[in-house]
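1. any chance you can model this:
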Amino acid sequence: SWDATGRSVSVELVDKNAVLDQDVPVGVDGLPVTFSLAAGGNVVETVVALIQETGELTPAIVPGVKLLPSSMTWDIGTTRLTIINDLLDAAGFFSLWCDGMGQYQVTPYVDKEDRAPIYEMLAPFTAGPGSLMAPEWQHDQDFYDVPNRYVAVTSGTGEVAALKSVAENLDPASPFSYPSRGRWITHVLTNAEAASQDDLDTIARRGL
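-> Numbering: from 1, shown residues only. This next block holds a predicted model:
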C-alpha cells in the first residue's frame, strides 16, 4: 500500500503445514491418486511418509505403533494435511503442528483438564497495567448447542464389531452439565475412525 510517506508492505506468515495443505498424493506418473491405508497399517509411519514425500524432514516425530483396525480411503485430490490429520485423529493424537523451530510434531491427545495452563485469566477481569482488556469490549457466548453427552461409534465390518464410546458431563460445577441443565444435549459421531477403544474414548472426550 502507498500513502504520502511512501510504501508499506503487510506480510502474512504460515507454518510448514501449508506445504502439506497445498499438495496431494500422486502416482508414479505425477497425477493425483486416491490414497488408502489398509487395516493394520502403522499410522505414524504413514504420516511421516506423507510428509517426507514433499521433501520435508521429520526428525522431531517419534515413531509410533498405533495400527488401524480397518482400512481408510480418501478421494482423489484430498490434501496431504487432511489425510494426515484424519489418521492422527483416528489414533488419538492432536492434529499435526509445527513448533517454533519449524519442526513437524506428532503428540498424543491430552484431555483439557490434564494440560498445563499457559495463561490463567483472572476472574473477574481486572484493570491495571497488567490488564489485557481494551476500555470497551463485549463478550458473546452461545450455549444453545453445547453437548453434555457425546457418543462416538465406528462403522465396523463383517469381521470387526463396531466400537462405541460415550462421554458425559456430570460435573455440577459446569454450567453445561446434566445436573446443571436437567436434560441431555447429545451429539453423535457415526462412522468414527479409531485405532482402538481407547482412541475412540479419546475422540468422545474430545468431542464433549
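
2. pairing partners for Pro32 in the sheet, please.
-> Val26 (DSSP bridges).

3. go on, Leu189?
-> Beta-bridge partners, per DSSP bridges, of Leu189: Ala152.

4. quick one: contacts for it?
-> By CB atoms under 8 Å, 6 or more residues apart in numbering, Leu189 lies in contact with 150-153, 203-204, 207. Placement of C-beta: from N, CA and C, glycine included.

5. please repeat the previous calculation with a cut-off of 7 Å.
-> Residues near Leu189 by CB atoms under 7 Å, 6 or more residues apart in numbering: 151-152, 207.

6. now, which of the residues you listed sits nearest Val110?
-> Distance to Val110 across the contacts of Leu189 (CB to CB) is lowest for Gly207, with 15.2 Å.

7. as a markdown table, the contacts of Leu189 with distance to Thr186 and pLDDT would be great.
-> Formatted as a markdown table, the contacts of Leu189 follow (distance: CB to CB, whole Å; pLDDT from 0 to 100):
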| residue | distance to Thr186 | pLDDT |
| --- | --- | --- |
| Val151 | 6 | 95 |
| Ala152 | 12 | 94 |
| Gly207 | 11 | 93 |
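
8. ok, and the most crowded of the residues you listed?
-> The residue in these with the most neighbours, by other CB atoms under 10 Å, is Ala152 (27 neighbours).

9. distance of it from Thr190?
-> Using CB to CB, to the nearest Å, Ala152 is found at 8 Å from Thr190.

10. could you measure from the most centrally placed residue in the chain over to Gly64?
-> By CA atoms, centre = their mean, the mean C-alpha position of the chain lies nearest to Ser95, the distance being 3.9 Å. Separation of Ser95 from Gly64 (CB to CB): 15 Å.

11. ok, back up a step: tell me the one of the contacts of Leu189 nearest Lys16?
-> Gly207 (28.0 Å).

12. OK, contacts around that closest one?
-> Neighbours of Gly207 in contact, by CB under 7 Å, 6+ apart: 150, 152, 167, 187, 189.
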